[in-house]
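Q: with the sequence up front, the predicted model follows.
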Amino acid sequence: MSDAWQHAESFSVTNVKMLDDDVLCDVTILAGTDKREMRCHRFILASRSPVFYTMFCGSLPETGVVEIPDVEADVFQQVIRYLYTNDIVITPESVMAIMYMANKYDIQQLTKCCQEYLEEKMSVENVCVILDQAVKFEEKELEKKCYLFIAENSTEVFATEGFQVLSRGTLETVLAKEQDNHKLKPEDIYIACAKWAKTQCLMESPSDITNAKLRAKLGNLVDMINFCKMTYDSFIDNVSYDNILTGDEKVRYLQDIRKETTKPKSAFVVERLLIVTSSWTYGGFQDGISFRVSDDVTLCGVALYLPCEIGQVTGSLTVLQGQTPVLSQTITLQYRPEIKYEIIIFSSKIPVRSGTIYSVRQTLLGTKTYRGENYRGKQCVQGVEIEFLELNFGQSDNGTRLERGQFHGLMFEK
């Protein structure tokens, strides 16, 4: 029985055999800036791409050697083999270059493959690589998706190796958006930027890294870090000891921290519900509500409804940042004639960062209490927007919802 390659069942197998062995190839293409030579078949290219069809079969067909300098040779070779075999390996590093060529030559199925890859494979580890590629190839919609993904996962993304190899321009944009979101502590931003600078210096000159070179590499990026929001101890532990900043810069930032910490704080209460009525019952189930703010503040307490009849309720109160508990304390609420709610001061104040979702939950037992109705909507108090949300983590299975139930309001300091 013959083992001739022409006997292969798959048309793609015989196609790529003719490509690899330069059998009847009738066009030479010089791809990339290095003008790497590739021999192909006009028939295959024209049958898979309307643009190649016009190039070879239009009114002014290409007849000689074709130069394609804007697609690097390795990517061009991958896409050409895809046209022959309908198979390609896409990676975070190559996806944007492949999609660029797929769009340029109107290879719609390959464009779709790239889009599906990006939707399915975008992760904390690769989003920075994808973002840099999106910026390079001016894929604006993809840029928006990457920036949104980073904003939603900033803590994890800033700690990745991908973050350390971001281009400087893209990093500046990421930091600018983080300034609007305020999700990260400034010390975490500084640590991530210092690692970025070290990685960039290592790539340029691995044997000659100095603090002066790290500072030069950071450049004006340090102006995008809100050092005054650090504590004195945090600045000393995370910034001062590594000696990247100059002595004058350290003094200036420490002075800013001192001014911030000695600034007088003003407390304010944001009421959630408009009407207070009765009554609300408890059976050991949980009530909860979530919220977010537009600027960094401190959460000091919560306004809880008191019993509407003689007696008391007692149980646990928990505050969460995302899904992480940051405060837990036991509370007891006593009946007080004519008093419908009481502000419970927390055992410790909680720093609240803008854009992050926080939750307050309570599980109580006891007599009936007052309840609230008619959500007031998003409010702006002392320049801070406060928006309440349905409970973000856990079940509010005792009945509290955005429009009604427990938690009359919250107490903040700014």
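A: Perfect, I can see it now.

Q: centroid residue for the chain?
A: When CA atoms, centre = their mean is applied to the chain, the residue found nearest the centroid is Ile150 (1.6 Å).

Q: these two touch, right, it and Leu175?
A: No: Ile150 is beyond contact range of Leu175, at 10.7 Å (criterion: CB atoms under 8 Å). To be clear about C-beta, it is placed using only N, CA and C from the backbone, and glycine gets the same treatment.

Q: now the element after the one helix or strand Glu37 maps to, going C-ward?
A: Glu37 is located in strand 36-40, with elements delineated by DSSP states H and E. Of the helices and strands lying after strand 36-40 in sequence (DSSP H and E), the nearest is helix 42-48.

Q: how about residues contacting that next one?
A: Helix 42-48 is contacted from outside by 15, 19, 26-27, 52-53, 55-57, 80, 83-84, 107, using CB atoms under 8 Å, 6 or more residues apart in numbering.

Q: same check, this time on stretch 213-232
A: Outside stretch 213-232, the residues that reach it (CB under 8 Å, 6+ apart) are 171-172, 175-176, 179, 185-187, 189-190, 193-194, 197-198, 200-201, 235, 238-239, 244-246, 249, 253-254, 256-261, 296.

Q: now do stretch 373-384
A: 266, 268, 270-275, 277, 293-295, 297, 385-388, 402-404, 412, 414.

Q: in that stretch, which residues are buried?
A: By neighbour count on 16 or more other CB atoms under 10 Å, the buried set for stretch 373-384 is Tyr375, Val384.

Q: got the CA positions of that stretch in CSV?
A: The C-alpha coordinates for stretch 373-384 follow below in CSV (Å, rounded to 0.1, in the frame of the first residue of the first chain):
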residue,chain,number,x,y,z
GLU,A,373,-38.6,52.4,54.0
ASN,A,374,-38.0,54.4,50.8
TYR,A,375,-34.3,54.4,49.8
ARG,A,376,-33.0,58.0,49.5
GLY,A,377,-30.7,57.2,46.5
LYS,A,378,-27.1,58.2,46.0
GLN,A,379,-26.2,61.1,48.2
CYS,A,380,-23.3,63.7,48.2
VAL,A,381,-22.2,64.8,51.7
GLN,A,382,-19.1,66.9,52.3
GLY,A,383,-18.0,66.3,48.7
VAL,A,384,-18.3,62.5,49.0
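
Q: what mean pLDDT does it get?
A: The average pLDDT for stretch 373-384 rounds to 91.

Q: per-domain residue ranges of the protein.
A: Using automatic domain parsing, the domain parsing of the chain gives 5-121, 138-262, 267-413.

Q: distance to Leu131 added to the ones you listed, as CSV?
A: Converted to CSV, the domains of the chain look like this (distance: least, CB to CB, whole Å):
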stretch, distance to Leu131
domain 5-121, 10
domain 138-262, 4
domain 267-413, 19
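
Q: now the weakest link among these, please, by mean pLDDT.
A: Among these, domain 5-121 carries the lowest mean pLDDT (a mean of 86).

Q: distance from the chain centre to it, please.
A: 34 Å (CA atoms, centre = their mean, to the nearest Å).

Q: quick one: stretch 134-151 to chain centroid distance?
A: 11 Å.

Q: buried sites along that stretch?
A: Ala134, Val135, Phe137, Glu139, Leu142, Glu143, Lys145, Cys146, Tyr147, Phe149, Ile150, Ala151.

Q: over to Trp280: give its phi and psi.
A: phi -130, psi 130 (degrees, to the nearest 10).

Q: ok, it - contacts?
A: Taking CB under 8 Å, 6+ apart, one finds Tyr305, Lys368, Thr369, Tyr370, Arg371, Gly399, Gly405, Gln406 in contact with Trp280.

Q: which non-adjacent residue is nearest the second one?
A: Using CB to CB, 6 or more residues apart in numbering and skipping residues adjacent in sequence, the residue nearest Lys368 is Ser279, 4.0 Å away.

Q: neighbours of the one you found, how many?
A: Ser279 has 13 neighbours, counted by other CB atoms under 10 Å.

Q: I'd guessed it sits against Arg371; true?
A: Yes: using CB under 8 Å, Ser279 is in contact with Arg371, at 6.9 Å.

Q: strands along the stretch 251-400 of the chain, start to end?
A: Using DSSP state E, counting those that start in this stretch, the strands of the stretch 251-400 of the chain run over residues 267-271, 273-280, 286-293, 297-305, 312-321, 324-334, 341-352, 358-366, 369-375, 379-381, 384-389.

Q: now do the third one against strand 369-375, angle only.
A: By that I understand strand 286-293. 40 degrees (axes from the mean of the first three to the mean of the last three CA atoms, to 10 degrees).

Q: one step back: filter the contacts of stretch 373-384 down to the buried ones and hand me the PyMOL line.
A: A single PyMOL command selects the buried members of the contacts of stretch 373-384 (16+ other CB under 10 Å):
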select buried, resi 268+270+272+273+293+294+297+386+388+402+404+412+414
